[in-house]
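J.: Model the following, please.
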Amino acid sequence: MKEINLVGVNFWLEADKRKIDFNVLDVTRNENSKLINEGSQYVMEKALIIIPSLPDIFKYNYLCLKNDQDIIDNFDEANGDEWFERGIWNWKNKAWAIGIHLGTNEDWSTNRIGVGEDAIASYYEVDNRLKDKLYFEIIYKDTDEYRGANAKYITYLDSKIADSNSIREDNSLFFPMNAMHEFMLKYKKRN
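T.: Numbers count the residues shown, from 1 in each chain. Reported below is the predicted structural model:
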């Protein structure tokens, strides 16, 4: 597949300014089940893993996720760890978490990923040794639901009612970084 349309927005991958094929794994049901089982009050509307279809031998200076809208101006917040780099954008009445699976916490990862001038998420200077470590993710849910839940949580924290656990933060868009990492490790073993 060369493009995917989500909520009226087209997404695609480019390698050195050329569109490349990719596979899409819809992990929404699986990850929402995990969130619910862990006691979360919140779930995702859609959670996808985008896997580039790379040739057997390649070297790209720039591998990136792009879209046909101007999402960059609607940036809200960022979050990451040694396995992920992700940002949240509020756009098209959805809160979008779009990011990169780093696949490793080696030094190259923190220096060779980011948001390009014309892309949402990017890898720089990638070659064959990274072939099984390059993944993108797109997650979204209703903006009002996401913002409302987090505003309620902030109000709860400010109220200093520490003995009650009834109000929780909506972490569904920062979805389970460890769960995603485990999923990708299992996927690599199967293929």
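J.: Longest helix of this protein, counting residues only.
T.: Longest helix of the chain, by residue count under DSSP state H: helix 143-158.
J.: Which of the residues in that one are classified as buried?
T.: Buried residues in helix 143-158, counted by 16 or more other CB atoms under 10 Å: Thr143, Glu145, Tyr146, Ala149, Asn150, Tyr153, Tyr156. For glycine as for every other residue, the C-beta is placed from the backbone atoms N, C-alpha and C.
J.: The first one contacts Lys94, doesn't it?
T.: In this case it means Thr143. Yes. Look at Thr143 against Lys94 with CB atoms under 8 Å: they come within range, at 5.7 Å.
J.: Assign a three-state SS to Trp12, would you?
T.: Under DSSP: H, G, I helix; E, B strand; the rest coil, the three-state class of Trp12 is strand.
J.: ranges for the strands of the chain?
T.: Using DSSP state E, the strands of the chain run over residues 4-6, 9-15, 18-20, 22-26, 46-52, 59-67, 75-80, 84-91, 94-101, 113-114, 121-127, 135-142.
J.: List the pairing partners of the first one within its sheet, with orientation.
T.: Within its sheet, strand 4-6 is paired with strand 9-15 (antiparallel), according to DSSP bridges.
J.: what's around the closest residue to Glu45 other than its chain neighbours, how many residues?
T.: In this structure, Glu45 finds its nearest non-sequential neighbour in Lys141, 4.3 Å apart by CB to CB, 6 or more residues apart in numbering. Look at Lys141: counted by other CB atoms under 10 Å, it has 21 neighbours.
J.: give me the beta-bridge partners of Lys141?
T.: Counting by DSSP bridges, Lys141 is bridged to Ala95.
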